[in-house]
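>>> What follows is a predicted protein model with its sequence.
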Amino acid sequence: MPAVLSSLVSRLSFHWMQHFTPQGLIVFIALAIATLSSFSSFIVPVHHCFFGLLFLLLASLAGRLLPRKLALQTTFPVTGQAGKPIDIMVSLASVGNELYHVGADFFRLPRGITQPRHNVVLPLVPSDGKVHLRCRILPVKRGIYSNLTLAAYSTFPFGLLRRFLAFSVWHRLIVIPAYCPLKTISLPAASRYQPGGLRFASGIGESLEYIGNREYTPGDSGRHIDFRSFARLAKPIVREYREEYFCRVALFLDTCASAKSRESRNRFESAVSLCAAITDYLASRDYVIDFFASGSELHFFRSGRSTGSDMGLMETLAALSPEKSPSFSTIIPALCDAMRGVSFMIFVLQGWNTEHQALVRALSETRCPLKIIIIDKSQPAGISSCPWPVQVLNPQSIMDGGVDSL
């Protein structure tokens with residue numbers, strides 16, 4: 001029963017705030033005070049105040065009955081970044097009569113998105129005319145959000161009540177992690193042989209292996225046209241190649257974090273932010289990125305050199321949630337199998353306990369060069385005896401943009 005009552009109160013308060021403007025709330029509260037005062041007082045000015053406020057509200061309610069039609073048009077972006085505002089241009093067109101005091105706003109936004117300020121209310125939309133507004137929201141947390149509602153409304157005649165005229169739904173918004181771009185990453189990695197190659201690699205001129213001919217399709221490079229076959233068959237034929245040597249960098253993220261501990265949660269968010277910065281750096285330099293995330297099972301995503309969308313990897317980071325206590329022992333065999341052909345591996349860890357050490361030791365046996373990054377406020381115990389290159393980063397420094405090289 002208390003849960004039902006709480007839900008009912010929440011719904012009523014939402015509709016209260018949705019339909020009343022800030023000025024309308026003040027007038028309503030003043031009317032309630034004047035109503036109570038009028039019952040216990042015979043002072044004429046109190047009654048005048050009561051009837052004046054009542055008239056304002058009744059006139060606003062009557063204004064909602066006037067026939068009005070409005071068309072709302074807008075285009076929503078697919079992605080945004082945490083900490084950066086998103087501006088949406090909105091076109092409002094009246095259908096028929098003139099419209100007064102027209103605006104557009106988002107209502108009931110999820111917890112991870114805020115609206116810095118309410119947008120401007122336009123005094124007039126001409127008959128069969130069109131006006132433009134800019135709506136702004138600020139994503140403060142990474143994630144994938146759905147069904148954000150943009151509503152166009154009118155506050156005519158006195159700006160006390162909103163009458164909603166049109167709606168548009170933002171079905172999906174991907175908010176990628178906030179990160180500071182990296183200037184340099186020390187990667188002593190060279191191209192390695194990849195059995196089977198990458199058929200759709202974007203690079204040209206790095207040990208391309210000829211595998212045969214096929215018919216030309218729009219978008220194929222003209223440099224690959226086989227003119228002898230073209231002349232013999234009277235239709236364009238292209239040589240097909242696949243790339244056998246390139247740089248693959250594996251990026252491993254430790255997702256162990258306690259949702260109840262703010263310090264643990266902040267450390268996890270810093271690790272995700274750092275992975276986003278590393279991804280951005282590697283993607284701009286034509287590496288193939290194999291991303292691994294620990295959990296109850298090993299999560300894997302590949303991007304770079306046309307093997308997968310870089311934004312797809314960012315979307316993976318946007319949706320990533322912490323695991324309470326992932327067991328590395330269950331994912332070590334699969335991770336070791338995936339290391340075949342990897343040129344370099346970067347670990348982003350949130351500690352240096354026995355499980356972390358066992359994981360790194362098992363991966364080092366694949367003879368793949370390693371780089372270990374530990375997210376912690378202080379240097380973990382036993383790290384000085386680590387035989388692999390280690391870098392300890394403060395979580396707050398990462399979030400403040402104080403890390404620009406690895």
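Here it is on my side, so go on.
>>> Residue 117: what's it in contact with?
Taking CB atoms under 8 Å, 6 or more residues apart in numbering, we find residue 117 in contact with residue 136. The way it works is simple: take the backbone N, C-alpha and C, and place the C-beta from them, glycine included.
>>> can you confirm it is in a helix?
No: per DSSP: H, G, I helix; E, B strand; the rest coil, residue 117 lies outside any helix segment and is coil.
>>> gap between it and residue 331?
Separation of residue 117 from residue 331 (CB to CB, to the nearest Å): 46 Å.
>>> Paired strands for the longest strand along the chain, with orientation please.
Longest strand in the chain by number of residues (criterion: DSSP state E): strand 163-176. Strand pairing for strand 163-176, using DSSP bridges, gives strand 79-81 (parallel), strand 143-154 (antiparallel).
>>> If we ignore the residues flanking it in sequence, what's nearest residue 275?
residue 253 (5.3 Å; CB to CB, 6 or more residues apart in numbering).
>>> hang on, I meant residue 334
Per CB to CB, 6+ apart, closest to residue 334 is residue 298, 5.0 Å.
>>> Backbone dihedrals for residue 223, please?
In this entry, residue 223 is assigned phi and psi values of phi -70, psi -10 (degrees, to the nearest 10).
>>> Am I right that residue 24 is in a helix?
Yes: counting by three-state DSSP, residue 24 is found in a helix.
>>> how close does it sit to residue 161?
Counting by CB to CB - residue 24 and residue 161 are separated by 5 Å.
>>> So which residue is dead centre in this structure?
When CA atoms, centre = their mean is applied to the chain, the residue found nearest the centroid is residue 175 (0.9 Å).
>>> Identify the bridge partners of that one.
Beta-bridge partners, per DSSP bridges, of residue 175: residue 80, residue 143.
>>> Now do the same contact list for residue 350.
Contacts for residue 350 (CB under 8 Å, 6+ apart) come out as 254, 256-257, 264, 267-268, 271, 374-376.
>>> And it, how close does it get to residue 263?
From residue 350 to residue 263 the distance is 11 Å (CB to CB).
>>> returning to that earlier point: so residue 24 and residue 161 - more neighbours on which side?
More crowded of residue 24 and residue 161, by other CB atoms under 10 Å: residue 161, with 24 against 20.
>>> mind pulling up the phi and psi values for that one?
Per degrees, to the nearest 10, the backbone of residue 161 is at phi -130, psi 150.
>>> in terms of contact, does it touch residue 23 like I think?
No: judged on CB atoms under 8 Å, residue 161 makes no contact with residue 23 at a distance of 9.7 Å.
>>> Now do the domain split for this protein, please.
2-63, 70-176, 198-245, 247-399 (automatic domain parsing).
>>> can you put the ones you listed in a markdown table and add distance to residue 185 and mean pLDDT?
Output for those, formatted as a markdown table (distance: least, CB to CB, whole Å; pLDDT from 0 to 100):
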| stretch | distance to residue 185 | mean pLDDT |
| --- | --- | --- |
| domain 2-63 | 47 | 70 |
| domain 70-176 | 19 | 85 |
| domain 198-245 | 19 | 70 |
| domain 247-399 | 6 | 80 |
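>>> mind putting those in JSON lines, distance to residue 184 included?
Listed next are these as JSON lines, based on distance: least, CB to CB, whole Å:
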{"stretch": "domain 2-63", "distance to residue 184": "49"}
{"stretch": "domain 70-176", "distance to residue 184": "22"}
{"stretch": "domain 198-245", "distance to residue 184": "21"}
{"stretch": "domain 247-399", "distance to residue 184": "8"}
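>>> quick one: residue 141 from residue 216, how far?
48 Å.
>>> in stretch 23-32, what's buried?
24, 27-28, 31 (16 or more other CB atoms under 10 Å).
>>> just the helices in the stretch 1-150 of the chain please.
2-19, 22-40, 44-63 (DSSP state H, counting those that start in this stretch).
>>> Run the angle between the helix or strand residue 281 falls within and strand 163-176 for me.
Residue 281 belongs to helix 262-283 when assigned by DSSP states H and E. Put simply, helix 262-283 runs at 70 degrees to strand 163-176, going by axes from the mean of the first three to the mean of the last three CA atoms, to 10 degrees.
>>> correct me, but the residue nearest to residue 334 touches residue 323?
No: using CB under 8 Å, residue 298 makes no contact with residue 323, being 11.5 Å away.
>>> re earlier: contacts only, for the residue nearest to the centre of the chain.
Neighbours of residue 175 in contact, by CB under 8 Å, 6+ apart: 79-82, 112-113, 139, 141-145, 318.
>>> Now for residue 234, how many residues are close by?
What residue 234 shows, counting by other CB under 10 Å, is a neighbour count of 6.
>>> how about it, phi and psi?
Dihedral pair for residue 234: phi 60, psi 30, per degrees, to the nearest 10.
>>> With residue 215 as the reference, measure out to it.
From residue 234 over to residue 215 (counting by CB to CB), the distance is 12 Å.
>>> One more: residue 186?
Taken as CB to CB, the span from residue 186 to residue 215 is 45 Å.
>>> Filter the contacts of residue 175 down to the buried ones.
80-82, 113, 139, 141-143, 145, 318.
>>> does residue 380 count as helix, strand or coil?
coil.
>>> Pull the number of nearby residues for it.
Neighbours of residue 380 using other CB under 10 Å come to 16.
>>> Surely it is in contact with residue 390?
No: look at residue 380 against residue 390 with CB under 8 Å: they stay out of range, at 9.2 Å.
>>> so what sits against both of these two?
Shared contacts of residue 380 and residue 390, defined by CB under 8 Å, 6+ apart, are found at residue 374.
>>> circling back: list residues touching both of residue 24 and residue 161?
57, 60.
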